[in-house]
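A.B. asks: Sequence below, structure please.
(one chain, ligands or ions: 4)
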Amino acid sequence: MAKPAPGMRDRTRMTPEGATPFREVMQQRLARRGVLAGAALLLALPRSVIAAGACASPAPYGAALSFRPVPIGGEDKVVVAEGHRASVLLRWGDPLFEGVPGLDVATLADPRSSELLNSVAAGALQARRFGYNCDYNAYFPLPGHGSESPDHGLLATNHEYTGDDLMFAGFPAYRRFFKDAARAQAEVRALIERTKGEIVRVQQAAHGASVVEIRRRGGRWSVERSGSCNRRITASTPMAITGPAAGHPLLRTEADPSGRRVLGMLANCGGGKTPWGTMLTGEENVDAYFANYGRLLERVTQEPALAPVAAAHARLPLPAGQSNRAWELVDARFDAARHPSEALRFGWCVEIDPYDPLSVPRKLTALGRFKHEGANTTVAKTGQVAVYSGDDAEFEYLYKFVSAGRYDPAIGRANGRLLEDGTLYAARFDADGRGRWLPLVFGQGPLVPPEFAGQGDVVIKARRAADLLGATPMDRPEDIEVNPRSGRVYAAMTKSAKRLGKGRFAAQGRMVADGADAANPREGGNANGQIVEIAEDGGDAAAESFAWDIFILCGNPASPEGRLLTAAEDLAPPLGRADSYFAGYGDAARISPLGAPDNIAFDRGGNLWIATDGQGGGARGLNLGRAVNDGLFAVATEGAERGRTMQFLSGPVGCEIAGPEFTPDDSTLFLAIQHPGQGGTLGPASAPKPGSDWPDGNDLPPRPSVLAVTRARGKGPVGRG
Ligand code: FEO
Ligand code: CA
Ligand code: CA
Ligand code: CA
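C.D. replies: Ligands and ions are numbered 1, 2, ... in the order given. So this is what the prediction gives:
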């Protein structure tokens, strides 16, 4: 284990006073940690754990990271580690089909000229162009270039939401919905009226996902607009509802009395790929799209038959009145008072077959309804398929689905049926470093009538079921990934402004204790987040128990306000908001400050790549005394450099970095630059400007875009030599 840097000793002192009551449980826990933590981890793990990754692959170029870290960024540009090139591959508004014109962003800032506000075809055109706020990326090889096809494939990207104040001149800035809601809502209504609803059609078409054929020639990636698999999926694309809640009375609507067919997907955030070559994408903040929950509750007093559907919303509450985008004024299904079940048909994980543009995307109710983030699949030793997913809200849970059936490589994409039947679990993290996957199974424990009448009720009300089972409320679970070399599982908790340690907090429709615990050890607000490392018992992804540890407690290792912790026993809660820990690595000068981990990915060398969303935060975050842009980081998970976190790329102003995705040979890293310029608006002149004109420059409105990052010269793995 590396020694603390000179001058760091005062900040590496042991357990704080507040941890004394935990001493006994911590001692048990640290006995486990002796196994999980430490630089020699891989050697210490049982062989079964090391071999667990079903997709374990060789690291043909060597595993070690070998780039020089970039400084933390504050300028409006992309900065990538020396020896690499970051090229823009796809921007919001780029055409995905031949004959479709690209968006003319130069028109957008003026309401009289904006093509989005003045064309009756604006929505139809957006449905043929790359959508807004690219988030998760999945690369699918196309045949004909060797079995791995690292130079020709399909890129499937989801579009989480529309940044309306950077798309439509006159759309109120987001913060005004908090400060002056009535006026902001009136301005939205005026835009809808002026455009005869076309603004809503643009927004709906800018959501969903894109599937695009891409090819690398002469070292450069480009889009094939004639690609036969090219496809846009939007908020209106017909989808099937599968699994235990398909056809459930709570999912039936006037438009779909079967409860098995829904239009569109919303708020698609992190995702994952399946071993049979499909994309999984999680619907996250779906509540924001629905309106008038208050009026629904009023209706219940007159119509008691509506009580069950109103109650089903209790743990994923909807806006009481008008929604910010006010789709309900144009498309009545978004009015919860009139169509109370429609919102329950969102908040699922969706499977998309990128190779078949006519395939019907499938909502997978067996994986539970919550704010899905990430959906990463691995094949367990038993042959069952496990899918890990986070629920991104303060004090929500980590989940795992394990299929009843076994993966059969011979049947290809028909394996998708595995995701319709299995066991959904929520995680409980115990203070002794052990954990349990708690099964959300109807008829077991508290999951019985009258609250639950079957497994359909359990998955629709998954959060409530996990409450009753005693799952551990976490600091906003984001992406969760399996290390292909070790089989260990890594889960990012992005941050939590609500982990205050003051008593109890109202969160997502219920009250929870807001004190620190072993897995969420910071109190006084967790501005920087943490990454949890899980070793499934027996190295089996189908196991119902596991060992766990904190891998990284993110932060600024040189912060004068906190300590760089270097030993596992230092992690006893409650920790201060500026304390940090990098798997025991102790040389602060060689660690890049890191906050708010969100999407993560592994290269074939078993190195963890971490994209951030909202790092910085001044005194409450990295405490660097200035605005800090989000970035991409890489860290070794084994060997002497385990825990040494290095910044690889810095994004432009206002963006988050999302969707890191490697080609099969690691020679290209795709990356989403989401919401550049967030915090500004297109106008009027008195409002703050975006602060970013990336990627087009020349003061043009910023555009969310996908980057292709490669070596600047020659071909080789990104970030390592
Ligand atoms: Fe859309 Fe959890 O970030
Ligand atoms: Ca995310
Ligand atoms: Ca990921
Ligand atoms: Ca996030």
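
A.B. asks: Strands of the stretch 101-250 of the chain, start to end?
C.D. replies: 134-141, 152-159, 208-217, 220-223, 231-233, 238-242 (DSSP state E, counting those that start in this stretch).

A.B. asks: Dump those to a markdown table, plus distance to ligand 2, mean pLDDT and mean neighbour count.
C.D. replies: For the C-beta atoms, the positions are set from N, CA and C on the backbone; glycine is no exception. Below are these laid out as a markdown table (distance: least, CB to the ion, whole Å; pLDDT from 0 to 100; neighbours: other CB atoms under 10 Å):
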| stretch | distance to ligand 2 | mean pLDDT | mean neighbour count |
| --- | --- | --- | --- |
| strand 134-141 | 6 | 98 | 25 |
| strand 152-159 | 10 | 98 | 26 |
| strand 208-217 | 15 | 97 | 22 |
| strand 220-223 | 24 | 98 | 17 |
| strand 231-233 | 18 | 98 | 24 |
| strand 238-242 | 21 | 98 | 18 |
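
A.B. asks: Which of those sits closest to ligand 3?
C.D. replies: Closest approach to ligand 3 among those is made by strand 134-141 (7.2 Å; CB to the ion).

A.B. asks: Direction included, what does that closest one pair against?
C.D. replies: Sheet neighbours of strand 134-141, with direction, are listed as strand 152-159 (antiparallel) (DSSP bridges).

A.B. asks: now the partner strand and strand 208-217, what's the angle there?
C.D. replies: 150 degrees (axes from the mean of the first three to the mean of the last three CA atoms, to 10 degrees).

A.B. asks: For the chain, which residue occupies the most central location?
C.D. replies: Closest to where the C-alpha atoms of the chain average out (CA atoms, centre = their mean) is Gly270, at 3.3 Å.

A.B. asks: is it true that that residue touches Glu481?
C.D. replies: No. At 9.7 Å, Gly270 does not count as touching Glu481 under the criterion of CB atoms under 8 Å.

A.B. asks: ranges for the helices of the stretch 401-550 of the chain?
C.D. replies: 455-460, 462-469 (DSSP state H, counting those that start in this stretch).

A.B. asks: quick one on the thing from earlier: so the residue nearest to the centre of the chain: helix, strand or coil?
C.D. replies: strand (DSSP: H, G, I helix; E, B strand; the rest coil).

A.B. asks: Say whether ligand 3 is contacted by stretch 258-269.
C.D. replies: No. Using CB under 5 Å from the ion, stretch 258-269 stays clear of ligand 3, with a minimum separation of 10.6 Å.

A.B. asks: Tell me both backbone torsions, phi and psi, for the residue of the chain most remote from its centre.
C.D. replies: In the chain, the residue that sits farthest from the middle, by CA atoms, centre = their mean, is Gln302; the gap is 39.8 Å. The phi and psi values for Gln302, taken as degrees, to the nearest 10, are phi -90, psi -30.

A.B. asks: all helices for the stretch 101-250 of the chain, in order.
C.D. replies: 115-118, 122-126, 176-179, 181-194, 198-206.

A.B. asks: Show me which residues of the third one are buried.
C.D. replies: By that I understand helix 176-179. Using 16 or more other CB atoms under 10 Å as the test for burial, helix 176-179 gives 176-177.

A.B. asks: mind exporting it as PDB, just the C-alpha atoms?
C.D. replies: Only the C-alpha atoms of helix 176-179 are listed here, as PDB (Å, rounded to 0.1, in the frame of the first residue of the first chain):
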ATOM      1  CA  ARG A 176     -37.700  29.600 -12.900                       C
ATOM      2  CA  PHE A 177     -40.000  26.600 -12.400                       C
ATOM      3  CA  PHE A 178     -38.800  26.700  -8.800                       C
ATOM      4  CA  LYS A 179     -38.800  30.500  -8.300                       C
END
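
A.B. asks: what's in contact with it?
C.D. replies: 183-185, 324 (CB atoms under 8 Å, 6 or more residues apart in numbering).

A.B. asks: now the second one
C.D. replies: Residues lying outside helix 122-126 but in contact with it, judged by CB under 8 Å, 6+ apart, are 93, 100-101, 103, 115-116, 119, 195, 198-202, 204-206.

A.B. asks: same thing with the fourth one?
C.D. replies: Counting by CB under 8 Å, 6+ apart, helix 181-194 makes contact with 117, 168, 170-172, 176-177, 199-200, 322, 324-326, 329-330, all of which sit outside it.

A.B. asks: at 10 Å what do you get?
C.D. replies: By CB atoms under 10 Å, 6 or more residues apart in numbering, the residues outside helix 181-194 that reach it are 111, 117-118, 164-165, 168-178, 180, 197-200, 321-327, 329-330.

A.B. asks: Give the full set of residues in contact with Glu298.
C.D. replies: 292, 337.

A.B. asks: Looks to me like it is in a strand.
C.D. replies: No. Counting by three-state DSSP, Glu298 falls outside a strand, being helix.
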